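K.L.:
Based on what follows, work out the 3D shape:
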Amino acid sequence: MSEPSTYFLMVELKPTADSAFDPAEVSGIFTHCFVPTGNFYEAVKLFEASIAEQNLELVNIEWCILFDTFDWTPEDIAVHAPLREKAIRQSEVCFGDMITWGEDEEED
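P.N.:
Residues are numbered from 1 along each chain as shown. Down below sits the predicted model:
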């Protein structure tokens, strides 16, 4: 039996005043996540609901791909497998590390 489909997203976000991140200190967030669905539109909808619950705003979606359709290296698969399996097991959007930066750290 094959594993359920998941979408892999790489995204840029920004905090709102009500998020766990202080907008005065964090001007941007880069992260990735897994969404346990095989439907593109549902993946985007579930992702948007998840960031809304965390009081984060979407800046940009860098990648939104069906995980099994990409030619991942064995190292990438090993890195992503635990988070992907958690998303499938818990039937929810699961985020990786949130890499943050402040206004002073932005590129010119």
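
K.L.:
Residues contacting the top strand by length along the chain, please?
P.N.:
When the chain is parsed with DSSP state E, its longest strand is strand 56-66. With contacts defined as CB atoms under 8 Å, 6 or more residues apart in numbering, strand 56-66 is touched by 5-16, 19, 21, 28-29, 32, 38, 40, 43-44, 48, 51. Just so you know, the C-beta spots here come from the backbone N, C-alpha and C atoms, and that holds for glycine as well.

K.L.:
and after the longest helix seen in the chain, which helix or strand comes next?
P.N.:
If you go by DSSP state H, the chain has its longest helix at helix 74-90. Downstream of helix 74-90, the next assigned helix or strand under DSSP states H and E is strand 94-95.

K.L.:
Okay, now the sheet partners of that next one, with direction.
P.N.:
In the sheet, strand 94-95 lines up against strand 28-35 (antiparallel) (DSSP bridges).

K.L.:
The strand it pairs with versus helix 74-90: what angle between them?
P.N.:
70 degrees (axes from the mean of the first three to the mean of the last three CA atoms, to 10 degrees).

K.L.:
Give me the buried stretch members for the helix or strand where residue 52 lies, please.
P.N.:
Assigned by DSSP H and E, residue 52 belongs to helix 40-53. Neighbour counts using 16 or more other CB atoms under 10 Å place 43, 44, 46, 47, 50, 51 of helix 40-53 among the buried residues.

K.L.:
Can you lay out the residues you listed as CSV showing pLDDT and distance to residue 80?
P.N.:
As requested, the buried residues of helix 40-53 are exported to CSV (pLDDT from 0 to 100; distance: CB to CB, whole Å):
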residue, pLDDT, distance to residue 80
43, 97, 16
44, 97, 19
46, 97, 18
47, 98, 16
50, 97, 18
51, 97, 20
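
K.L.:
what two of the residues you listed are the furthest from one another?
P.N.:
43 and 51 (12.8 Å; CB to CB).
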